[in-house]
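In: compute the structure for the input listed below.
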Amino acid sequence: MQAVVITIGDEILNGTTVDTNSAFLGKELALLGIQLREKVSISDTDHHIRGSLHRYMGHTDLIIMTGGLGPTLDDKTKQTLCSYFNTELVFNATVFKFIENRFAQRGLKMTERNRQQAFLPATCTVVPNTMGTASGMWFERDGTVLVSLPGVPYEMKHIYRSELVERFRKHFALPVIENYYIMTSGIGESWLADQIEEIETSLPLDVRLAYLPSPGIVKLRLTGRGNEQKKVAMRVSVWAQQIELRLGSHVFANENISLQEAVGRRLLALQATLSLAESCTGGNIGRLITQIPGSSAYFLGSVISYDNSVKERLLGVDPDILSTHGAVSEETVAAMLDGVLDLIGTDY
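Out: Numbering: from 1, shown residues only. Model prediction:
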């Protein structure tokens, strides 16, 4: 099952607006077992919209278009879809009533442009938008489902989650998808790949491994596909356990969480406390730790000893260590650690 996402708008092409819609849709479709084969951004013109429709209709299972459904003259999508599907715009009383109530609740007066939002292609299935005035539209032709959605990200996301997920599940024969995450640190992507190469090359066709590196972290994602949830989950789990055993202490979590969240959970389990002594990081580690809700249960505080004089006065670092080994050294770090543990009195 494959999909194409088409984002419409000159503001995307010229860089004024960053396209976050296709990234969101790619991630969400993958969770349903729908592979995003291509994503394109096009100008909001009849010529380019029709060209994209001719290219993909009948050649992919699903097309999702976002953008061009507003009330202004530069929004061409609805009219172009009418032309392409050989239909006309008709007044939808239900949609109009919703728009009318929406304006009344806000004490605003409707204009004729707002009323035009209630005119929709006669042959489409209306996909309600309870977060705005531009309805979504569902078309089918030549074995392809085309869904047109507003380009405003929060409206598009709401329609997708509240309406489309369930419609896709009912309309398409979607596989069962099981994702298993292995979070690693202290190991580079290349070295990690060497360590598990034997396991990776032995994976069956219905289990895939993805490397998702970020600074300091390499996230591994095992994805299994099949028809029965329990069987797919068990198959993925068996392979995940082999990888975790091979990587040992480099694995800090087997779910998609950050290192700071994993640290927090471990401290809570141990009923232990944490303090920090930072220098070059300038408090960034403390910022990450305190981003986690409930971190006050285990994090007591930190010393940002950026200057050597602070290391000496607050953390008790011996000046001889600093002069002999330098501020950026294992010896200085060890002395800072001893100092902050004495100063704040935490377990770690």
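
In: and the next element down the chain from the lowest-mean-pLDDT helix or strand in the chain?
Out: The helix or strand of the chain with the lowest confidence, counting by mean pLDDT, DSSP states H and E, is helix 112-116 at a mean of 88. On the C-terminal side of helix 112-116, the nearest following helix or strand under DSSP states H and E is strand 119-121.

In: direction included, what does that next one pair against?
Out: Strand 119-121 has the following sheet partners, assigned by DSSP bridges: strand 89-91 (antiparallel).

In: helices or strands up against the least confident helix or strand of the chain?
Out: On a contact count with 3 or more CB pairs under 8 Å, 6 or more residues apart in numbering; DSSP states H and E, helix 112-116 meets helix 93-105. In short, each C-beta sits where N, CA and C put it, glycine included.

In: show me what the helix it packs on is packed against.
Out: Looks like helix 93-105 contacts helix 112-116 (3+ CB pairs under 8 Å, 6+ apart).

In: then the helix it packs on to CSV, C-alphas only?
Out: Taking C-alpha atoms only, helix 112-116 is exported to CSV below (Å, rounded to 0.1, in the frame of the first residue of the first chain):
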residue,chain,number,x,y,z
GLU,A,112,-19.6,36.1,1.1
ARG,A,113,-16.2,34.6,0.9
ASN,A,114,-16.9,32.7,4.1
ARG,A,115,-20.2,31.5,2.7
GLN,A,116,-18.4,30.2,-0.4
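
In: just the buried residues of the longest helix seen in the chain, please?
Out: If you go by DSSP state H, the chain has its longest helix at helix 229-247. By neighbour count with 16 or more other CB atoms under 10 Å, helix 229-247 contains the buried residues 232-233, 235-236, 239-240, 243-244, 247.

In: got the contact list for that helix?
Out: 176-180, 182, 184, 187, 192, 195-196, 199, 203-204, 206-207, 220, 222-226, 251, 254 (CB atoms under 8 Å, 6 or more residues apart in numbering).

In: try stretch 279-295
Out: For stretch 279-295, contacts defined as CB under 8 Å, 6+ apart pick out 258, 260-261, 263-264, 268, 274, 276, 278, 296, 299, 302, 304-306, 311, 327-328, 336.

In: again, 6 Å this time
Out: 260-261, 264, 276, 278, 299, 302, 304-306 (CB atoms under 6 Å, 6 or more residues apart in numbering).

In: and stretch 200-211, by the same measure?
Out: Outside stretch 200-211, the residues that touch it by CB under 6 Å, 6+ apart are 189, 221-226, 239.

In: of those residues - the most surrounded one?
Out: Gly224 (25 neighbours; other CB atoms under 10 Å).

In: before we move on, the earlier item: in strands only, show me the contacts of helix 229-247.
Out: Counting by DSSP state E, those place 176-180, 182, 184, 207, 220, 222-226, 251 in strands.

In: now, which of these sits nearest Ser162?
Out: Nearest to Ser162 among the ones in strands among the contacts of helix 229-247 is Ile177, at 20.5 Å by CB to CB.

In: shouldn't that closest one be in contact with Gly33?
Out: Yes - using CB atoms under 6 Å, Ile177 is in contact with Gly33, at 4.5 Å.

In: circling back: reformat the contacts of stretch 279-295 as JSON lines; add secondary structure and distance to Glu112.
Out: Listed next are these as JSON lines, based on DSSP: H, G, I helix; E, B strand; the rest coil; distance: CB to CB, whole Å:
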{"residue": "Gln260", "secondary structure": "helix", "distance to Glu112": "53"}
{"residue": "Glu261", "secondary structure": "helix", "distance to Glu112": "51"}
{"residue": "Gly264", "secondary structure": "helix", "distance to Glu112": "55"}
{"residue": "Leu276", "secondary structure": "strand", "distance to Glu112": "61"}
{"residue": "Glu278", "secondary structure": "strand", "distance to Glu112": "60"}
{"residue": "Phe299", "secondary structure": "strand", "distance to Glu112": "57"}
{"residue": "Ser302", "secondary structure": "strand", "distance to Glu112": "60"}
{"residue": "Ile304", "secondary structure": "strand", "distance to Glu112": "59"}
{"residue": "Ser305", "secondary structure": "coil", "distance to Glu112": "65"}
{"residue": "Tyr306", "secondary structure": "coil", "distance to Glu112": "62"}
